[in-house]
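Peer 1: how would this look folded up:
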Amino acid sequence: MLIQSDGSNKLYFLTPDFQRKGELVVYDNMGPVMNLNELEYVNGYIYANIWQTNRIIQIDSKSGKVVGDLDMTGILPTNIDTKANVLNGIAFQPTENAFYITGKNWPTLTKIQLKNKDKKLVASR
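Peer 2: Here you go, the predicted model:
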């Protein structure tokens, strides 16, 4: 199953031949969450970067509710202008149980692992 974003608060589930099979409306306690970008599906959750921010959210793949929110500001490279060269790459490596993140014109990947701490997601290098 493939998951597609159009930059809105909707995600679309596609068959391998790109036929829409369903959609999911993404929301948090404030309402619709817009600018969904760079998706990764892991263990029943969809992780998405919020375009032009340093945020990665964790979305329940059944309900569309945002259940985790990561502010990646403290982990981003200090020598990169992350306003112009935004965070936008997320890849999960299951054998390491880790995510690799990167951004536009970044020369490196950063490996992070997520932990639930007091019902809040925390990223560590």
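Peer 1: contacts and neighbour counts: CA atoms only from here.
Peer 2: Will do.
Peer 1: for Ile57, which non-adjacent residue is closest in space?
Peer 2: Spatial nearest neighbour of Ile57, excluding adjacent residues (Cα to Cα, 6 or more residues apart in numbering): Asp69 at 4.4 Å.
Peer 1: can you say which helix or strand has that neighbour in it?
Peer 2: Using DSSP states H and E, Asp69 falls within strand 66-71.
Peer 1: next secondary structure after that strand?
Peer 2: Strand 66-71 is succeeded, C-terminally, by strand 87-93 (DSSP H and E).
Peer 1: that older thread, packing partners for the strand holding Asp69?
Peer 2: strand 27-28, strand 55-60, strand 120-124 (3 or more Cα pairs under 8 Å, 6 or more residues apart in numbering; DSSP states H and E).
Peer 1: ok now that strand, how far from the chain's centre?
Peer 2: Centre-to-centre, strand 66-71 and its host chain are 9 Å apart (Cα atoms, centre = their mean, to the nearest Å).
Peer 1: could you list the buried residues of it?
Peer 2: Buried residues in strand 66-71, defined by neighbour count with 16 or more other Cα atoms under 10 Å: Val66, Val67, Gly68, Asp69, Leu70.
Peer 1: contacting residues around the residue sitting nearest the centre point of the chain?
Peer 2: The chain has Ala48 as the residue nearest its centroid, 2.1 Å off, counting by Cα atoms, centre = their mean. By Cα atoms under 8 Å, 6 or more residues apart in numbering, the contact list for Ala48 reads Leu36, Asn37, Glu38, Leu39, Glu40, Ile56, Ile57, Gln58, Ile59, Ile90.
Peer 1: what two of the residues you listed are the furthest from one another?
Peer 2: Ile59 and Ile90 (14.2 Å; Cα to Cα).
Peer 1: before we move on, back to that, got the angle for the strand holding Asp69 vs strand 55-60?
Peer 2: 160 degrees (axes from the mean of the first three to the mean of the last three Cα atoms, to 10 degrees).
Peer 1: change the start of the numbering to 13 and stick with it
Peer 2: That works, and once the first residue is 13, the last one we named lands at strand 78-83.
Peer 1: now do Asp130, the pLDDT please.
Peer 2: Here, the pLDDT recorded for Asp130 equals 51.
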